[in-house]
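> Okay, structure incoming, though there's no sequence with it:
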């Protein structure tokens, strides 16, 4: 059985209400994930305050020693509808990837990456690489990426009383591995480990 790297609160259908402390701020509604490494039956969605999490049971790659050189790639496209209350703006977007894996030092390389956007505003890609020459054997690794979203989408956009309150958070999470010579191997979040992706939204009131 795979190790589930997530919290304990599962939310289905309408995800939840995210709150800033003085009232409702965001109402989340997911859509079905799609891709070579995910579907509705092997992906779980969670909400903890202003953090939305996806746990993927089938997004890993596994190239075992003894097979000819080659590569493996998987991806998942996720979308969540968001209805954002008036009077707040998104100051910060934090993306977090959690995974585990093992690779031979020589003859293998791999990477996990995300390409995300919110309300049509795109943030720079977030990528974690496991390069050739790196000896990697970690069952549980977490990496963060924080973007100043107020630079990408200025507060004037969010604080406009006429803006559309509804939009989308989208991301494409990709996992790839490559073995370049016989006897080498790489396994990223396969077998007993999952891939977990979190998006944490840092809201601030418009009048501050």
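Thanks, I have the structure now. The shown structure was predicted, so the numbers you read here are calculated from the model rather than taken from an experiment.

> If we ignore the residues flanking it in sequence, what's nearest the most centrally placed residue in the chain?
In the chain, the residue lying closest to the centroid (C-alpha atoms, centre = their mean) is residue 197, at 3.0 Å. Leaving out its chain neighbours, the residue that sits closest to residue 197 by C-beta to C-beta, 6 or more residues apart in numbering is residue 54, at 5.0 Å. Backbone N, C-alpha and C define where each C-beta goes, glycine included.

> does the one you found belong to a helix or a strand, and which?
Residue 54 is part of strand 51-56 when elements are defined by DSSP states H and E.

> Can you give me the buried ones in that strand?
Neighbour-count burial for strand 51-56 flags 52-56 (criterion: 16 or more other C-beta atoms under 10 Å).

> same check, this time on stretch 27-47
27-28, 30, 33, 35, 37-38, 42-47.

> I'd say residue 75 and residue 33 touch.
No: assessed by C-beta atoms under 8 Å, residue 75 is found out of contact with residue 33, at 10.3 Å.

> and the residue nearest to the centre of the chain, that's in a helix?
No: per DSSP: H, G, I helix; E, B strand; the rest coil, residue 197 lies outside any helix segment and is strand.

> The chain: helices as residue ranges?
According to DSSP state H, the chain carries its helices in the segments 149-152, 155-158.

> Tell me which of those lies nearest to residue 180.
Closest approach to residue 180 among the helices of the chain is made by helix 149-152 (37.0 Å; C-beta to C-beta).

> Where does the prediction get shaky in this structure?
Within the chain, the segments meeting pLDDT under 70 span 1-24, 66-67, 190-192, 208.

> in the sheet, who's paired with the residue nearest to residue 129 when sequence neighbours are not counted?
Using C-beta to C-beta, 6+ apart and skipping the chain neighbours, the partner closest in space to residue 129 is residue 111 (4.7 Å). Using DSSP bridges, the bridge partners assigned to residue 111 are residue 129, residue 176.

> burial measure for residue 111, as a count.
16 (other C-beta atoms under 10 Å).

> just the one 10 residues further on next, same as before
For residue 121, the tally of surrounding residues (other C-beta under 10 Å) stands at 16.

> What residues does it make contact with?
Residue 121 sits next to 149, 152-153 when contact means C-beta atoms under 8 Å, 6 or more residues apart in numbering.

> For the residues you listed, give me TSV that also has distance to residue 105 and neighbour count.
Below are these laid out as TSV (distance: C-beta to C-beta, whole Å; neighbours: other C-beta atoms under 10 Å):
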residue	distance to residue 105	neighbour count
149	38	23
152	38	17
153	42	18
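
> can you redo the buried residues of stretch 27-47 as JSON lines with distance to residue 167?
Formatted as JSON lines, the buried residues of stretch 27-47 follow (distance: C-beta to C-beta, whole Å):
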{"residue": "27", "distance to residue 167": "12"}
{"residue": "28", "distance to residue 167": "11"}
{"residue": "30", "distance to residue 167": "14"}
{"residue": "33", "distance to residue 167": "18"}
{"residue": "35", "distance to residue 167": "22"}
{"residue": "37", "distance to residue 167": "25"}
{"residue": "38", "distance to residue 167": "22"}
{"residue": "42", "distance to residue 167": "27"}
{"residue": "43", "distance to residue 167": "21"}
{"residue": "44", "distance to residue 167": "23"}
{"residue": "45", "distance to residue 167": "18"}
{"residue": "46", "distance to residue 167": "21"}
{"residue": "47", "distance to residue 167": "17"}
